[in-house]
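A.B. asks: Sequence first, predicted coordinates after that:
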Amino acid sequence: MYRLIGKQFRKPSGILGTIISNIMIKGNSPDYDKVIPELDIRPGDSILEIGYGHGLGVHRLASGYDCMVSGIDFSELMYNMATKRNREHIDRKRVALHYGDFLTSEKIPGLYDKIFLIHVIYFWDSLDEPFSLIRKKLKEGGLLCMFMAHADFIRKMKFTKDGIFNKYSIDHVVDRLTSAGFREVHYTLDKKGYIIKCRSFNFIQPSGASPVH
């Protein structure tokens, strides 16, 4: 049963997925409150959310900022829910939502000023490929911002114990970001998890950005 619930957190579907999505909305809302201000959004920014889920974060950005918001999610249920939530912004051409897997989809056009993701990286079995792909989708100097719960927080939940959730340490995430070519890697910690920020540069510059706590 716990494994089934864990799968639904990864990719919600059906009636159980609808129930799980309502839990996710309540749990993720405070995390969007933490991450969105860290994006330092400027007028005209092009922003991508990977794993937009119920579309709450996309809606907040499109409603509160002068920016263009895109997103991709591989749950058809989440795509439908997010599309319904953001219908007005989609009709006004301020939001573009895609249904597909970020790692394999060719639906994401162009480059972005900012890319963000919340509670997504646990479901990637390796971080090298997704971080490399993210860097390629960012403009020069573009910002990547992530939120992830720390491993101890995840271990307390029974549905995370069946190998569906990868319990990455912050040191491993920082190391993989640096190896993927990101610079100015910083993170902050609260009682639930980490906000991680870094930038994509194509030119060589000192990596001397030690993580800050």
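C.D. replies: Perfect, thanks for sending it. What you see is a predicted model, and the numbers here were worked out from it, not measured in a lab.
A.B. asks: what's the closest residue to T188 other than its chain neighbours in contact with, if anything?
C.D. replies: Setting aside the residues directly before and after it, T188 is nearest to I195 in space (CB to CB, 6 or more residues apart in numbering), at 5.1 Å. Every C-beta, even on glycine, is put in place using the N, C-alpha and C of the backbone. I195 makes contact with K34, V35, E38, C145, M146, F147, Y187, T188, according to CB atoms under 8 Å, 6 or more residues apart in numbering.
A.B. asks: What's the separation between the first one and A62?
C.D. replies: Using CB to CB, to the nearest Å, we find K34 at a distance of 19 Å from A62.
A.B. asks: What strands flank the longest strand along the chain, and is each parallel or antiparallel?
C.D. replies: Determined from DSSP state E, the single longest strand within the chain is strand 138-149. Sheet pairing of strand 138-149 (DSSP bridges) gives strand 112-118 (parallel), strand 193-200 (antiparallel).
A.B. asks: Please export the C-alpha coordinates of that strand as CSV.
C.D. replies: The C-alpha coordinates for strand 138-149 follow below in CSV (Å, rounded to 0.1, in the frame of the first residue of the first chain):
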residue,chain,number,x,y,z
LEU,A,138,18.9,28.2,-19.6
LYS,A,139,20.1,31.5,-21.1
GLU,A,140,23.6,32.7,-20.3
GLY,A,141,23.7,33.5,-16.6
GLY,A,142,20.2,31.9,-16.2
LEU,A,143,19.0,30.9,-12.8
LEU,A,144,18.1,27.4,-11.6
CYS,A,145,16.2,27.3,-8.3
MET,A,146,15.1,24.1,-6.5
PHE,A,147,13.5,23.0,-3.3
MET,A,148,14.1,19.6,-1.9
ALA,A,149,13.3,18.2,1.5
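A.B. asks: And P211, what's its pLDDT?
C.D. replies: Per-residue pLDDT puts P211 at 44.
A.B. asks: hmm, I was thinking of Q205
C.D. replies: On the pLDDT scale, Q205 gets 47.
A.B. asks: N202 and G141 touch, don't they?
C.D. replies: No: N202 lies out of contact with G141 (CB atoms under 8 Å); the separation is 9.2 Å.
A.B. asks: how near is the residue nearest to T188 to V173?
C.D. replies: Separation of I195 from V173 (CB to CB): 12 Å.
A.B. asks: Same question for I19.
C.D. replies: The gap separating I19 from V173 is 30 Å, by CB to CB.
A.B. asks: between these two, which one's more packed in?
C.D. replies: V173 (21 against 13; other CB atoms under 10 Å).
A.B. asks: got the phi/psi numbers for the nearest residue to R199 once chain neighbours are set aside?
C.D. replies: Leaving aside its sequence neighbours, R199 sits nearest to E184 (CB to CB, 6+ apart; 4.8 Å). For E184, the backbone dihedrals (degrees, to the nearest 10) come out as phi 50, psi 50.
A.B. asks: Same question for S126.
C.D. replies: Residue torsions, per degrees, to the nearest 10, at S126 are phi -140, psi 150.
A.B. asks: can you count the residues close to it?
C.D. replies: 9.
A.B. asks: Just the buried ones from the contacts of I195, in ChimeraX syntax?
C.D. replies: The ChimeraX command for the buried members of the contacts of I195 (criterion: 16 or more other CB atoms under 10 Å) is given here:
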select :34,35,38,145,146,147,187
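A.B. asks: now, which of the contacts of I195 sits nearest R92?
C.D. replies: Within the contacts of I195, proximity to R92 (CB to CB) peaks at V35, which comes in at 23.7 Å.
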